[in-house]
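Q: with the input below, show me the fold.
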Amino acid sequence: MDLSPLVAARKQLPNPPAWALLFVKGFALVAKRRPELRQAYLPLPWPHLWEAEASSASVAVEREYEGEPAVLFGVVTTPETRTLSELMDKLEEWKNAPVEHVGHFNRSLRYARYPLLVRRFVWWYATSWFGKVKAKNFGTFGVSLTGSAGATATNLICPLTTSLNSGVIQPDGTVNVRLHFDHRVIDGMPAARALAELEVVLRTEIAAEVLTLKNPVHLTPPTDAVA
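A: Just a heads-up that it's a prediction; the model follows:
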């Protein structure tokens with residue numbers, strides 16, 4: 001993707017929104033117009049597709065927990081309706097609030113303490129039966145970026161229909177963006193069209209909103225501490 005207009009817009013701010021948030025809102029705007037991006041495959045009680053009315057984004061965040069790095073996932077509902085300032089506040093909470101005080105983080109840690117068979121049952125129930133339960137706990141799409149660390153993932157495995165990751169932003173504003181998708185829900189061409197539309201949205205709507213941010217009060221450094 002050529003995201004040079006968005007790169008230029010970010011450079012005009014002392015503390016610009018993290019790239020993860022820009023992808024979250026951009027993809028949510030695309031999904032609003034493309035219902036297949038809000039669908040999920042559910043195997044039970046019979047194999048079928050479920051469609052969410054609105055998107056929920058799952059964002060991977062690296063935190064320290066009990067002295068070790070841990071990847072936890074925050075979920076934000078209807079990101080397409082939220083301002084970038086609101087999303088920045090949410091990410092700041094995920095990155096700086098005590099882990100136990102962040103709802104989705106605390107829930108994940110609580111489930112991780114359950115016995116193996118209980119964890120498997122909870123996972124099976126949350127991913128197989130009810131779309132609303134799956135969307136509430138996991139989101140409808142995911143964003144996991146490691147480009148700020150100079151690397152990119154070529155394959156993401158997650159329980160969601162779609163997940164985004166990107167590589168390193170090049171000096172000319174180009175970047176490799178990958179959309180990983182569940183072939184049981186969407187085919188390659190719809191996924192390709194979604195990526196093309198995402199590029200347009202990031203270059204126009206999102207870049208324009210970034211330029212409206214003046215004198216930001218967010219104190220979190222503009223690094224993507226997201227896995």
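Q: low-confidence ranges in the chain?
A: Within the chain, the segments meeting pLDDT under 70 span 147, 149-151, 153-154, 214-227.
Q: okay, which residue is most central for it?
A: A centroid search over the chain (CA atoms, centre = their mean) returns Val143, at 2.9 Å, as the residue closest to the centre.
Q: ok, what's across the strand from that residue?
A: Here Val143 shows beta-bridge partners Val59, Leu164, assigned using DSSP bridges.
Q: go ahead and confirm it touches Ala57.
A: Yes. In terms of CB atoms under 8 Å, Val143 counts as a neighbour of Ala57; the distance is 6.2 Å. All C-beta atoms are positioned from the backbone trio N, CA, C, and that covers glycine.
Q: residues in contact with both of these two, list them for me.
A: Common contact partners of Val143 and Ala57 (CB atoms under 8 Å, 6 or more residues apart in numbering): Val24, Phe27.
Q: one step back: need the contact list for the residue nearest to the centre of the chain.
A: Counting by CB under 8 Å, 6+ apart, Val143 makes contact with Ala20, Phe23, Val24, Phe27, Ala57, Ser58, Val59, Ala60, Ser163, Leu164, Asn165, Val226.
Q: from the residues you listed, pick the one nearest Leu117.
A: Using CB to CB, Ser58 comes nearest to Leu117 of the contacts of Val143, at 25.2 Å.
Q: check which residues of stretch 87-98 are buried.
A: Judged by neighbour count using 16 or more other CB atoms under 10 Å, the buried positions of stretch 87-98 are Leu87, Met88, Lys90, Leu91, Trp94, Lys95.
Q: oops, could you answer that again for stretch 59-76 instead?
A: Across stretch 59-76, burial judged by 16+ other CB under 10 Å covers Val59, Ala60, Val61, Arg63, Ala70, Leu72, Phe73, Gly74, Val75, Val76.
Q: packing partners of the strand or helix carrying the fourth one?
A: Translated: Arg63. Taking DSSP states H and E as the definition, Arg63 sits inside strand 56-65. On a contact count with 3 or more CB pairs under 8 Å, 6 or more residues apart in numbering; DSSP states H and E, strand 56-65 meets helix 19-33, strand 68-77, helix 84-96, helix 131-138, strand 141-143.
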